[in-house]
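Enquirer: sequence and predicted model, in that order:
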Amino acid sequence: MKIEQIYTKCLSQGAYYIESNGEVAIIDPLREVDSYIRKAQEDNAKIKYIFETHFHADFVSGHLTLAEKTGAEIVYGPLANTEFKSYIAKDKEVFKIGAVEIVALHTPGHTMESTTYLLRNTSGKDYAIFSGDTLFIGDVGRPDLAQKGEVTQEDLAGYLFDSLRTKIMTLNDDVIVYPAHGAGSACGKNLSKETTSTIGAQKKTNYALRADMTKQEFIKEVTEGLLPPPDYFPLNVQLNRKGYEAIDTIIEKGKRELSIEEFEQLTRDEKTIILDVRHQFDFINGFIPKSLFIGLNGTFAPWVGAIIKDVTTPLVLITPEGKEEETIIRLSRVGFDNIKGCLKGGFETWKRAGKKVDTLASVSATELEKDSENKSVIFDTRKPGEYENEHIKDVKNTPLDYLNDYISMFPKEKKFYIHCAGGYRSVIAASILKTKGFHNVVDVAGGYNAIKKTRIERTKSTCLSR
């Protein structure tokens, strides 16, 4: 028996490869599936099943492409309703993979179709669970993403409480927990950076698995402090449930090399976004006017979803040389398939042609310290939790995720500064503000990490209410 966790850090997502006696199961695959096929070929094995723990909201799964390329059967848990060929498992139904068994345990709560897959080893012993978004390390799945009709987040939280206590916590303490996500995912509130654990360890450390917890206490704790989910989440759910175009086709179309003339023609449409994915240092020094910066060096795909929101938005790309295909793949992971092409030669081609170039003002934290004595206007674009932990005294919190809600707060004429933790998110925010006519914005290089090394006065307090 072989188990491999295939963790994609920028999505905080774990897919799983399970092999026994020449048969393979893949759990929650990413959209680009060739790596799973290669692993099976190396093991001289055949992919038999593709198990989906639920209809994912934060990424587009590779189930359809993998099934088409391998003939494997797609399996969902009870209550799932797909618009493609799939097998809907019954609660506690057993599937054979070589000499091991996988049992579908229906665990509604995060969504109604959510299913945990229990792996029994060659001795028939409960060995591991693949818990999807039902149970994370240190947390549980948020219960507000699948509200329909009269079903509320409190109803879903109640189902989740029952699922955890009747299907998960009854397992032996040594059973390994393999979740779908780790720290950084928006599918929970406070996920651990660890990506595996055991049932026993989670009973001791996970707030949601306290033995003395009542259902009402559970409902209150898991629903408290939930930030609104990103707007692209429902669109990804629909792609996962209904189907999507093959990623090979998306790559082929997206890699189309655009001349400057074609690029300019496409961007005359106000709906088309120029997406610049270079490093923030390169962007600061020069970019095509009205470009949106979201760099590949950060948590790229989730920020694309959070900022652009609509997966049907037409995109034209400015990428570092040789990064065209990687950019398209990472966009497709969150459903952004409408890529019209990449500017041939990237930004340098634009610059050499003598086209208009914009830049972003940026200062060091030391320079900010000197100016802050003159009561400069500063905005903190970090998440509310980061802001509450510590921030510059008297600054306002305008989280990047909801920047548009705060647009009226930014001064139109007076110079103002923005910062994040390390300098990535603030450049995204600055690019958004520049497209809206705020050319007096100044980025603080190095962000709060650099600010902490200065004598700028800092404090702790609650964040600005939205």
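Expert: Right, received. Where do you want to start? In this text, all values refer to a predicted model and were calculated from it rather than measured experimentally.

Enquirer: please enumerate the strands of the stretch 101-250 of the chain.
Expert: 115-120, 126-132, 176-179, 197-198 (DSSP state E, counting those that start in this stretch).

Enquirer: the shortest one pairs with which strands, parallel or anti?
Expert: When sheet partners are counted by DSSP bridges, strand 197-198 sits next to strand 176-179 (antiparallel).

Enquirer: which other residues reach the partner strand?
Expert: 3, 5, 14, 16, 127-133, 135-137, 191, 195-199, 202 (C-beta atoms under 8 Å, 6 or more residues apart in numbering). The way it works is simple: take the backbone N, C-alpha and C, and place the C-beta from them, glycine included.

Enquirer: buried subset of these?
Expert: Buried subset of the contacts of strand 176-179 (neighbour count, 16 or more other C-beta atoms under 10 Å): 3, 14, 16, 127-133, 135-137, 191, 195-199, 202.

Enquirer: can you list the weak-confidence ranges in the chain?
Expert: 372, 374, 462-466 (pLDDT under 70).

Enquirer: residues of the strand or helix carrying Tyr49 that come out buried?
Expert: Using DSSP states H and E, Tyr49 sits within strand 46-51. Buried residues in strand 46-51, counted by 16+ other C-beta under 10 Å: Ile47, Lys48, Tyr49, Ile50, Phe51.

Enquirer: neighbours of Glu4, how many?
Expert: Here the number of neighbours of Glu4 (other C-beta atoms under 10 Å) works out to 12.

Enquirer: same deal with Tyr36?
Expert: Using other C-beta under 10 Å, Tyr36 has 25 neighbouring residues.

Enquirer: just checking, Ser431 touches Phe293?
Expert: Yes. The criterion here is C-beta atoms under 8 Å, and Ser431 meets it with Phe293 at 3.9 Å.

Enquirer: next one: Met1 from Ser20, what distance?
Expert: 5 Å (C-beta to C-beta, to the nearest Å).

Enquirer: same question but for Val395, I mixed them up
Expert: Taking C-beta to C-beta as the criterion, Val395 is separated from Ser20 by 56 Å.

Enquirer: what's the answer for Thr196, then?
Expert: 19 Å.

Enquirer: again with Ile102
Expert: For Ile102, the distance to Ser20 equals 10 Å [C-beta to C-beta].

Enquirer: against which helices or strands is the helix or strand hosting Ala67 packed?
Expert: Per DSSP H and E: Ala67 is located in helix 63-70. For helix 63-70, the packing partners by 3 or more C-beta pairs under 8 Å, 6 or more residues apart in numbering; DSSP states H and E come out as helix 34-42, strand 46-51, strand 73-76.

Enquirer: mind checking those for the one nearest to Gly149?
Expert: Comparison of the helices and strands packed on helix 63-70 against Gly149 by C-beta to C-beta identifies strand 73-76 as nearest, at 20.6 Å.

Enquirer: neighbouring strands - and their directions - for the closest one?
Expert: With DSSP bridges as the test, strand 73-76 pairs up with strand 46-51 (parallel), strand 87-88 (parallel).

Enquirer: isn't Gly182 right next to Ser197, touching?
Expert: No. Checked against C-beta under 8 Å, the pair Gly182 and Ser197 is beyond contact range at 10.7 Å.

Enquirer: between those two, what contacts are shared?
Expert: Ile137.

Enquirer: which ones are touching Ile328?
Expert: Ile328 sits in contact with Ile250, Ile251, Gly254, Lys255, Leu317, Ile339, where contact means C-beta under 8 Å, 6+ apart.

Enquirer: typed the wrong thing, it's Pro234
Expert: Counting by C-beta under 8 Å, 6+ apart, Pro234 makes contact with Ala57.

Enquirer: also the one 10 residues further on?
Expert: Under the criterion of C-beta under 8 Å, 6+ apart, the neighbours of Tyr244 are Val60, Leu64, Gly335, Asp337.

Enquirer: now these as TSV including distance to Asn440 and secondary structure?
Expert: As requested, the contacts of Tyr244 are exported to TSV (distance: C-beta to C-beta, whole Å; DSSP: H, G, I helix; E, B strand; the rest coil):
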residue	distance to Asn440	secondary structure
Val60	39	coil
Leu64	48	helix
Gly335	35	coil
Asp337	36	coil
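
Enquirer: any idea how far stretch 72-87 is from the chain center?
Expert: 23 Å (C-alpha atoms, centre = their mean, to the nearest Å).

Enquirer: which parts of it are buried?
Expert: By 16+ other C-beta under 10 Å, the buried positions in stretch 72-87 come out as Ala72, Glu73, Ile74, Val75, Tyr76, Gly77, Pro78, Ala80, Thr82, Ser86.

Enquirer: do stretch 37-46 as well
Expert: Judged by neighbour count (16+ other C-beta under 10 Å), stretch 37-46 contains these buried residues: Ile37, Lys39, Ala40, Ala45.

Enquirer: pretty sure the first one sits against Thr70.
Expert: Which is Ile37. Yes. Ile37 is within contact range of Thr70, at 6.5 Å (criterion: C-beta under 8 Å).

Enquirer: need the residues touching each of those two.
Expert: Ile47.
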